[in-house]
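> this one's structure only:
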């Protein structure tokens, strides 16, 4: 297949895996990617269903085929490694820079034929196919690496992959929202230790995104301003929770954090999504991303579990009021101690924080890099 | 202090602990509770603060004094045991049935003087004192017991304590919502293994309660009916997810469960809260409560972690549209495997379920009791 040219001299080459899934190689050296997937042909799992939870008016996805998936294999059985003679993985090539491939056990899948998501579902809305798309993003072929250990050039390639996927997934008529995220650490349920993230492309607005959109719309109608612009202005004015900044990005512990260590990273200039990020903002991301993740691991001198999620405007609405930003949340509150989401947080959504955001910001700032 | 007479022949006796906190003994034999707390006088921690998270328009409580609290002490240092010579605990008496006392490290506390919670907070609302109340409910003095092992009479006493606390806390002018819950298992962050629950009384509507209220109000305005009435009617009609019922209560795996094992238990007749539960519904609760928790532990033959939360109408609104019910949610999806709330669930609120609700209902029904 022909390769496609992206920004920053990156090329993308698409190949097809044994079950028809697509793998996309993002390369900086114009590599030729011709290796065939030599594993036996396999059927893809059937699509799951989405049911409306009537009590909260929220979709829940049921993908019952996922129970048997692989769980913390040892390094020599890592399915995200490049393939080698005698051990065939998800990546047919013998090496790679960044790859994005369709998840083998996806919670969400492209529907067959036209998909009609109920727009204003309520109470007795029947189940619909779990439409959407789940992709895996391998940040590097090096198992022993981590996002914070990547070079600036590698992070630039990952960012370009996120941008390219956002652009392409936005074209699919059944996609409403695109959410790249990374889970790191067995404490947050990671099942593969290889440095990787995921992209969930939803056919509905995820509940927290829908909430953020409502709040941002209200703020806009009351003030005429974009909510996150005002939030960043307040963080810059307060100053005490800022932990890193450069000409294009600012990183802060938010005023009302929910987690013992929580960092938000936003571009200074308002952009709705990855696609709207310009070249200079893209170039300036790697240094601040490395810095905040190094600070996070430096607080206790241990590798911190985290969930790092990208929030951007939904594909088809709220594009004038929502802004791209990155949220990093860690449940580690001390060496050997985690914050659990128990009764108040989990059942009622009411977060109780043991650590002042100003204190965790200071701890993060004091880390020697 | 004089004891107070409750339903079902239960008496309540209030005593004061060394730092001014109240402990309430709920007894069935009219016991006299005169033991003094002999621990040295201690200052109570200061009240925390609530900050409005502007991005989601939700309150977050910051209670920085809680970091140092006790963590999984061995049985002989259990602070919820009755006191004995040489080891003084939170409960001055040498034995007890059910006690409810003010939490020693509360996230929420009664405010000094008048409390004015901002009613429609937005963006730049300044922080306010973390007003509310946190109480601990000991289900039994027996460390090795569990809710499901209690006798019918013991559960009746716990229920009466929940009812009495709901009634009394509802009188406090700064309380908006009352939430009894139990966390069980180290997997959900339990720090004390003694069988106990908690009551959080919030000075604001917790986010998930506020959401449920919105949805219930919409349903009522569209149909004239109470949402949970319609949900229960649908569960009874579908039948496949019912796991237990008696003349007064019905227990089901909800149509759109979020957790591998999730059970909702509701009284057949619509009541807004504990206070409105009548005698026959109260009497019929213990057998179904024991049955569902025994079924839960029976699925894999291991003690299941769970969060069991009571949802009732808020104190001052929505009392015509919200209904009392009990939600039990377990993150265990197989022996040795937990469901984690990672990127999709935690960052976007979008739940992905690996198990069909009908399948988990069948597994629960098939448990031999």
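Looks like it came in fine. It should be emphasised that the depicted structure is a prediction, and the values quoted were computed from it without experimental measurement. Numbers count the residues shown, from 1 in each chain, chains lettered A, B, ... in the order given.
> Show me which residues of the stretch 251-369 of chain A sit near chain B.
For the stretch 251-369 of chain A, the residues found near chain B under the criterion CB under 8 Å from any CB of the partner chain are A:254-258, A:307, A:309, A:311, A:327, A:329, A:333-334, A:337-344, A:346-357, A:359. The C-beta positions use only the backbone N, C-alpha and C, and glycine is treated the same way.
> change it to 7 Å
When proximity is defined as CB under 7 Å from any CB of the partner chain, the stretch 251-369 of chain A approaches chain B at A:255-256, A:258, A:307, A:309, A:327, A:340-344, A:346-356.
> List only buried entries from these.
Using 16 or more other CB atoms under 10 Å in any protein chain shown as the burial test, those include A:255-256, A:258, A:307, A:309, A:327, A:340-344, A:346-356 as buried.
> Out of those residues, which sit inside helices?
residue A:348 (DSSP state H).
> Quick one: mean pLDDT over stretch A:122-134.
Stretch A:122-134 shows a mean pLDDT of 93 in the predicted model.
> Report the residue ranges of every domain in chain A.
Split into domains by automatic domain parsing, chain A comes to A:3-204, A:209-366.
> comparing those, which gets the lowest mean pLDDT score?
domain A:3-204 (a mean of 93).
> Please see if it touches chain B.
Yes. Domain A:3-204 is in contact with chain B by CB under 7 Å from any CB, via A:51-57, A:60-64, A:66-67, A:107, A:123, A:179, A:181, A:183, A:188-189, A:198, A:200, A:202.
> Out of the residues of the stretch 251-369 of chain A next to chain B, name the ones that lie in strands.
Judged by DSSP state E, strands contain the following of those: A:307, A:309, A:327, A:351, A:352, A:353.
> Make TSV out of those residues and add distance to residue A:91.
Listed next are these as TSV, based on distance: CB to CB, whole Å:
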residue	distance to residue A:91
A:307	24
A:309	24
A:327	29
A:351	39
A:352	43
A:353	40
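> what's the neighbour count on the residue in the stretch 101-250 of chain A positioned nearest to chain B?
Nearest to chain B in the stretch 101-250 of chain A, going by CB to the nearest CB, is residue A:189, at a distance of 2.4 Å. Residues near residue A:189, counting by other CB atoms under 10 Å in any protein chain shown, number 20.
> and if you look at the one 3 residues further on?
Other residues lying near residue A:192 total 18 when counted by other CB under 10 Å.
> go on, residue A:16?
With other CB under 10 Å as criterion, residue A:16 counts 13.
> Correct me if wrong: it contacts residue A:22.
Yes. Using CB atoms under 7 Å, residue A:16 and residue A:22 qualify as a contacting pair, with a distance of 6.2 Å.
> Next, give phi and psi for residue A:243.
phi -120, psi -20 (degrees, to the nearest 10).
> Contacts only, for it.
Residues near residue A:243 by CB atoms under 7 Å, 6 or more residues apart in numbering or on different chains: A:251, A:252, A:253, A:263, A:292, A:295, A:361, A:364, A:365.
> ranges for the strands of the stretch 101-250 of chain A?
Using DSSP state E, counting those that start in this stretch, the strands found in the stretch 101-250 of chain A span residues A:128-129, A:132-138, A:177-184, A:196-202, A:242-245, A:249-252.
> now for the third one, which elements pack on it?
To tie it back to what came earlier, the one meant is strand A:177-184. helix A:152-171, strand A:196-202, strand A:306-311 (3 or more CB pairs under 7 Å, 6 or more residues apart in numbering or on different chains; DSSP states H and E).
> between those, which gets nearest to residue A:237?
With CB to CB, the closest approach to residue A:237 among the helices and strands packed on strand A:177-184 belongs to strand A:306-311: 22.3 Å.
> Counting by contacts, list what that closest one packs against.
Using 3+ CB pairs under 7 Å, 6+ apart: strand A:306-311 touches strand A:177-184, strand A:325-330.
> From the contact counts, what lies against the last one?
The reference is to strand A:325-330. strand A:261-267, helix A:279-298, strand A:306-311.
> Spatially central residue for chain A, please.
With distances taken as CA atoms, centre = their mean, residue A:181 lies nearest the centre of chain A, 1.5 Å away.
> what's across from that one in the sheet?
Per DSSP bridges, the residues bridged to residue A:181 are residue A:198, residue A:309.
> Would you confirm that it contacts residue A:201?
No. With contacts counted by CB under 7 Å, residue A:181 stays clear of residue A:201, the gap being 11.8 Å.
> re the thing from before, which two from the ones in strands among the residues of the stretch 251-369 of chain A next to chain B end up farthest apart in space?
Counting by CB to CB, the most remote pair of these is A:309 and A:352, 21.3 Å apart.
> Tell me which residue of the stretch 201-350 of chain A lies closest to chain B.
residue A:340 (2.4 Å).
> Now that residue. Its backbone dihedrals?
According to degrees, to the nearest 10, residue A:340 has phi -100, psi 150.
> Could you verify my assumption that it touches residue B:191?
No. Residue A:340 lies out of contact with residue B:191 (CB under 7 Å); the separation is 9.2 Å.
> Distance to residue B:140 for the domains of chain A - can I get that in TSV?
Shown next, in TSV, are those (distance: least, CB to CB, whole Å):
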stretch	distance to residue B:140
domain A:3-204	31
domain A:209-366	19
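> how about the ones you listed, which one is nearest residue B:218?
domain A:3-204 (7.3 Å).
> Can you classify the nearest residue to residue A:192 once chain neighbours are set aside as helix, strand or coil?
Distances taken as CB to CB, 6 or more residues apart in numbering or on different chains put residue A:80 closest to residue A:192, at 6.0 Å, once the chain neighbours are dropped. The three-state label given to residue A:80 by DSSP: H, G, I helix; E, B strand; the rest coil is coil.
> List the residues that contact residue A:80.
Residue A:80 neighbours (CB under 7 Å, 6+ apart): A:89, A:90, A:138, A:192, A:194, A:196.
> Just list whatever residues bridge to the closest residue to residue A:103 other than its chain neighbours.
Once flanking residues are discounted, residue A:103 sits nearest to residue A:134: 4.0 Å by CB to CB, 6+ apart. For residue A:134, the beta-bridge partners are residue A:200 (DSSP bridges).
> For residue A:275, see how far away residue A:179 is.
Counting by CB to CB, to the nearest Å, the gap from residue A:179 to residue A:275 is 15 Å.
> Pull the contacting residues for the residue lying closest to residue A:280 once chain neighbours are set aside.
Take residue A:280 and drop its neighbours on the chain: the residue closest to it by CB to CB, 6+ apart is residue A:248, 6.0 Å away. Residue A:248 sits next to A:267, A:268, A:280, A:281, A:284 when contact means CB under 7 Å, 6+ apart.
> mind redoing it with 6 Å?
A:267, A:268, A:281, A:284 (CB atoms under 6 Å, 6 or more residues apart in numbering or on different chains).
> Make a markdown table from the residues you listed and add neighbour count to it.
Output for the contacts of residue A:248, formatted as a markdown table (neighbours: other CB atoms under 10 Å in any protein chain shown):
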| residue | neighbour count |
| --- | --- |
| A:267 | 24 |
| A:268 | 16 |
| A:281 | 18 |
| A:284 | 17 |
